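*Asks:* here you go, sequence then predicted model.
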Amino acid sequence: MAETIVMKFGGTSVAAPEDIKRAARRIVDARELGKQVVAVLSARGKTTDDLVAQAFEISERPLAREMDMLLSTGERISCALCAMAIHDMGHNAISLTGSQAGIVTDSSHTRARIIEVRGDRIREGLGADRIVLVAGFQGVSGDSRDVTTLGRGGSDTTAIAIAAALGADLCEIYTDVAGVFSADPRIVPGARKLPHLSFDEMLEMSSSGAGVLQLRAVEYARNHAIRIHCRSSFDDHPGTLVLAEDETMERPMVTAVTHAYEARVTLTGLRDEPGVAGRVFGALADANVNVDMIIQNEPVSVDQKADLSFTVASEDLGAATDVLAPLEVGEAIETDPRVGKVSIVGAGMRSHPGVAARVFSTLGENQINIEMISTSPIKISCVIAAGQVPDAVRVIHEAFDLGAEAVREEDPSGEHRPRVTS
């Protein structure tokens, strides 16, 4: 039986007519190597942004259901145009919407989660010797049978879910960058392309601001053991492989520095009694608001009042304050619509003491104040002033020798350490 490959093309990879033809050629090349090919396409260029703008030209609060109907059209356009290009190259192709492809989701409009991939029409297309093109970012609710969308980056999740359903062991993600880097090259020009990462490292990077792969896509890939090859649409060079930790060859102390911009909410004068935090975060969960970092001070005053701060995605700030106001669990709700978050990620942090100390001292030496801290076994995140994020990324990247000139070698103890070449 022929090998099945799933290829996903991002918006910049299909933005212009020549880009669609380039993607079509890459798809056809894989087919001519004897592979069964499923390609998942995103909307072209800024199409999704344009559709969102059109919605707000009509309505100040567009209905979520109708937003999904509107936004799902972008990916369908990409698939139909790419199918036309493939036919012109002498191959048979069929384009499918998310619902036609059997992408079944829950009913959470604009950020639905995939429940299952039935994929009967995908298999039928492959069995008929066709290339199958699937509209990414969308599916159909198993309950309401309405069109749903998966949120920003949802085409990544579509591709990984299809790869799992078809039994593929590799999903290629084509984008406008050469792979995953040790920092954002727009901030750190000397950032190094990472040849491979573990799923856990990529999960922490995605949750901390690395926009190359959607967090849920990486979770899905880890749970179903689907290798990801993140690579450029515009050349044939190898990109970054994301795979199980026992398959990676190196355990660097720190792999990458990531950054993000979020919003912060602070509840002041919080009553110090059991159940208050549960009410706060239960209400946020019911409103589908994801909370990132949380910090609460222990009451020390005689009135036993505390302050609770947490961060959310900037676009969720309004929803968060709307659901918290009626709870009346504190004296006031204070917000900061834009704070910066800088994180370091590395599987080797588990066994290397002193990483946190170096991060904190590096920021301190550069007059960058830390406002919140969060840690995991392989990540340290610091909330800082938004305007200081670029400087923080650069100085931490330099402090851990993560640049393109740094290569890894193995020392006699069996550990890997950075060596800077001249």
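*Replies:* That came through, no problem.
*Asks:* which element, helix or strand, includes T321?
*Replies:* When elements are defined using DSSP states H and E, T321 is found to belong to helix 317-324.
*Asks:* what lines up beside the strand ranked longest in the chain in the sheet?
*Replies:* As assigned by DSSP state E, the longest strand anywhere in the chain is strand 256-271. Strand 256-271 has the following sheet partners, assigned by DSSP bridges: strand 305-312 (antiparallel), strand 332-345 (antiparallel).
*Asks:* any idea which of those strands scores lowest on pLDDT?
*Replies:* When those are compared on average pLDDT, strand 305-312 comes out lowest at a mean of 91.
*Asks:* angle of that strand against helix 317-324?
*Replies:* Between strand 305-312 and helix 317-324, the angle comes out at 140 degrees (axes from the mean of the first three to the mean of the last three CA atoms, to 10 degrees).
*Asks:* just the buried residues of strand 305-312, please?
*Replies:* Taking 16 or more other CB atoms under 10 Å as the neighbour-count basis, strand 305-312 is seen to contain the buried residues K305, A306, D307, L308, S309, F310, T311, V312. Where you see a C-beta, it was placed from the backbone N, CA and C, and this is true even at glycine.
*Asks:* could you do stretch 72-82 as well?
*Replies:* Applying a neighbour-count criterion of 16+ other CB under 10 Å, one finds S72, T73, G74, E75, R76, I77, S78, C79, L81, C82 buried in stretch 72-82.
*Asks:* neighbouring contacts of it?
*Replies:* The set of residues external to stretch 72-82 that reach it, using CB atoms under 8 Å, 6 or more residues apart in numbering, is 9, 14, 20, 23-24, 27, 39, 41-44, 47-48, 51, 93, 95-98, 133-138, 147, 149, 155.
*Asks:* can we see that at 6 Å?
*Replies:* Contacts to stretch 72-82, defined as CB atoms under 6 Å, 6 or more residues apart in numbering, come from residues 14, 20, 24, 41, 43-44, 47-48, 95, 97, 133, 135-138, 147, 149.
*Asks:* can you tell me the SS state at S95?
*Replies:* Per DSSP: H, G, I helix; E, B strand; the rest coil, the local secondary structure of S95 is strand.
*Asks:* can you give the domain ranges for the protein?
*Replies:* 4-176, 257-408 (automatic domain parsing).
*Asks:* and those as JSON lines, adding distance to I226?
*Replies:* Below are those laid out as JSON lines (distance: least, CB to CB, whole Å):
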{"stretch": "domain 4-176", "distance to I226": "5"}
{"stretch": "domain 257-408", "distance to I226": "19"}
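*Asks:* now, of the ones you listed, which is deepest in the fold?
*Replies:* Among the domains of the chain, domain 4-176 has the highest mean neighbour count (mean count of other CB atoms under 10 Å), at a mean of 20.
*Asks:* span of that one from start to end?
*Replies:* Its first and final residues considered, domain 4-176 spans 24 Å by CA to CA, to the nearest Å.
*Asks:* hmm, back to that, tell me how far the longest strand of the chain lies from the chain's centre.
*Replies:* Relative to the centre of its chain, strand 256-271 is centred 19 Å away, using CA atoms, centre = their mean, to the nearest Å.
*Asks:* what's the answer for stretch 254-268, then?
*Replies:* Centroid separation for stretch 254-268 versus its chain: 15 Å, with CA atoms, centre = their mean.
*Asks:* where does the stretch 101-250 of the chain dip in pLDDT?
*Replies:* Within the stretch 101-250 of the chain, the set of residues satisfying pLDDT under 70 comprises 248-250.
*Asks:* show me where it has strands.
*Replies:* When secondary structure is read from DSSP state E, counting those that start in this stretch, the stretch 101-250 of the chain shows strands at 103-105, 114-117, 131-135, 138-141, 147-149, 170-175, 196-198, 227-232, 240-243.
*Asks:* residues contacting the fifth one, please?
*Replies:* If I follow you right, that is strand 147-149. Outside strand 147-149, the residues that touch it by CB under 6 Å, 6+ apart are D68, M69, L71, S72, T105, H109, T110, A112, F137, Q138, G139, S141.
*Asks:* for the second one, which non-adjacent residue is closest in space?
*Replies:* Meaning M69. Ranked by CB to CB, 6 or more residues apart in numbering and with sequence neighbours excluded, the top spatial neighbour of M69 is V147, at 5.5 Å.
*Asks:* that neighbour bridge partners, please.
*Replies:* In this structure, V147 has the following beta-bridge partners (DSSP bridges): V140.
*Asks:* if we can go back for a sec, I'd like the strands of the stretch 101-250 of the chain laid out as CSV, including distance to A347.
*Replies:* As requested, the strands of the stretch 101-250 of the chain are exported to CSV (distance: least, CB to CB, whole Å):
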stretch, distance to A347
strand 103-105, 32
strand 114-117, 28
strand 131-135, 33
strand 138-141, 33
strand 147-149, 33
strand 170-175, 21
strand 196-198, 6
strand 227-232, 16
strand 240-243, 12
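*Asks:* which one of these lies nearest to G190?
*Replies:* The closest of these to G190 is strand 240-243. By CB to CB, the value is 17.1 Å.
*Asks:* related to what we said a few turns ago, distance to D272 added to the contacts of strand 147-149, as JSON lines?
*Replies:* Output for the contacts of strand 147-149, formatted as JSON lines (distance: CB to CB, whole Å):
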{"residue": "D68", "distance to D272": "42"}
{"residue": "M69", "distance to D272": "47"}
{"residue": "L71", "distance to D272": "44"}
{"residue": "S72", "distance to D272": "47"}
{"residue": "T105", "distance to D272": "40"}
{"residue": "H109", "distance to D272": "38"}
{"residue": "T110", "distance to D272": "36"}
{"residue": "A112", "distance to D272": "38"}
{"residue": "F137", "distance to D272": "44"}
{"residue": "Q138", "distance to D272": "46"}
{"residue": "G139", "distance to D272": "44"}
{"residue": "S141", "distance to D272": "42"}
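*Asks:* R113: what's it in contact with?
*Replies:* With contact set as CB under 6 Å, 6+ apart, R113 has these partners: D106.
*Asks:* from G282, how far out is the closest residue to V329 other than its chain neighbours?
*Replies:* In space, and not counting its chain neighbours, V329 is closest to V276: 5.2 Å by CB to CB, 6+ apart. Distance of V276 to G282, computed by CB to CB, to the nearest Å: 11 Å.
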